[in-house]
Each structure stands twice: as C-alpha cells, then as structure tokens.
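Student: Output the structure for:
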Amino acid sequence: MKSNRSFVVAGSTKLPPEMAPGDEAPAGTPGTGENVCRMCGGTGRVDGHTCPDCEGSGKVVEGVGGA
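Tutor: Just a heads-up that it's a prediction; the model follows:
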C-alpha cells in the first residue's frame with residue numbers, strides 16, 4: 001500500500017522534499033516507521049552509485065502493521 005503524496009511539475013512526479021522515492025510517507029506520519037532500504041540493503045549504494053530509493057541514507061519510511 002503505497003500512498004506517497006506527490007506533485008506533478010512540468011509533466012514529472014515530484015515528491016515533497018522530506019521524502020525519498022522509496023518512502024511510503026513523510027517521516028513522523030502516524031502508523032509508519034523507519035526500515036532498511038530493500039534496494040540497497042541499508043548500504044545507500046547500488047552498483048557503486050547512490051541508491052535511487054533511499055537517496056543514499058540506507059533507510060526508508062514504511063507503513064507499520066497492516067489491516
């Protein structure tokens with residue numbers, strides 16, 4: 001269940017500045033928590049480059065629980 005708030009700017013999707021592409025919600029959103037980025041395994045790097053999902057932090061914000 002991905003519910004990123006995104007904005008369309010000149011034909012492209014732009015996330016709020018506090019979110020990385022792999023985040024499901026902004027940090028601090030109720031019902032979410034920090035998790036290790038699945039794309040880079042928490043290293044922040046993929047094939048010698050900055051991970052595109054976590055933007056190099058190694059962490060993403062995801063929903064906790066499930067209903």
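Student: List the residues that contact residue 38.
Tutor: 22, 53, 60 (Cβ atoms under 8 Å, 6 or more residues apart in numbering). Every C-beta, even on glycine, is put in place using the N, C-alpha and C of the backbone.
Student: Tabulate the residues you listed in CSV, adding columns for neighbour count and distance to residue 28.
Tutor: As requested, the contacts of residue 38 are exported to CSV (neighbours: other Cβ atoms under 10 Å; distance: Cβ to Cβ, whole Å):
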residue, neighbour count, distance to residue 28
22, 22, 17
53, 18, 19
60, 24, 14
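Student: Same list, the residues you listed, but as a markdown table with distance to residue 37, secondary structure and pLDDT please.
Tutor: Rendered in a markdown table, the data for the contacts of residue 38 read as follows (distance: Cβ to Cβ, whole Å; DSSP: H, G, I helix; E, B strand; the rest coil; pLDDT from 0 to 100):
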| residue | distance to residue 37 | secondary structure | pLDDT |
| --- | --- | --- | --- |
| 22 | 6 | coil | 92 |
| 53 | 5 | coil | 96 |
| 60 | 5 | strand | 97 |
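Student: TSV for the residues you listed, including distance to residue 33?
Tutor: What follows is these, written out as TSV (distance: Cβ to Cβ, whole Å):
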residue	distance to residue 33
22	14
53	16
60	10
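Student: Which of those residues lies at the shortest distance from residue 34?
Tutor: Nearest to residue 34 out of the contacts of residue 38 is residue 60 (Cβ to Cβ; 7.5 Å).
Student: how close does the closest one sit to residue 45?
Tutor: 15 Å (Cβ to Cβ, to the nearest Å).
Student: cool, residue 24 as well?
Tutor: For residue 24, the distance to residue 45 - Cβ to Cβ - is 22 Å.
Student: the more surrounded of these two?
Tutor: Legend: neighbour count by other Cβ atoms under 10 Å for residue 24 and residue 45, higher for residue 24 (17 against 14).
Student: quick one, helices of this protein?
Tutor: Applying DSSP state H to the chain gives no helices.
Student: where do the strands sit along it?
Tutor: Here the chain has its strands, by DSSP state E, at 7-9, 12-14, 32-36, 45-46, 49-50, 59-63.
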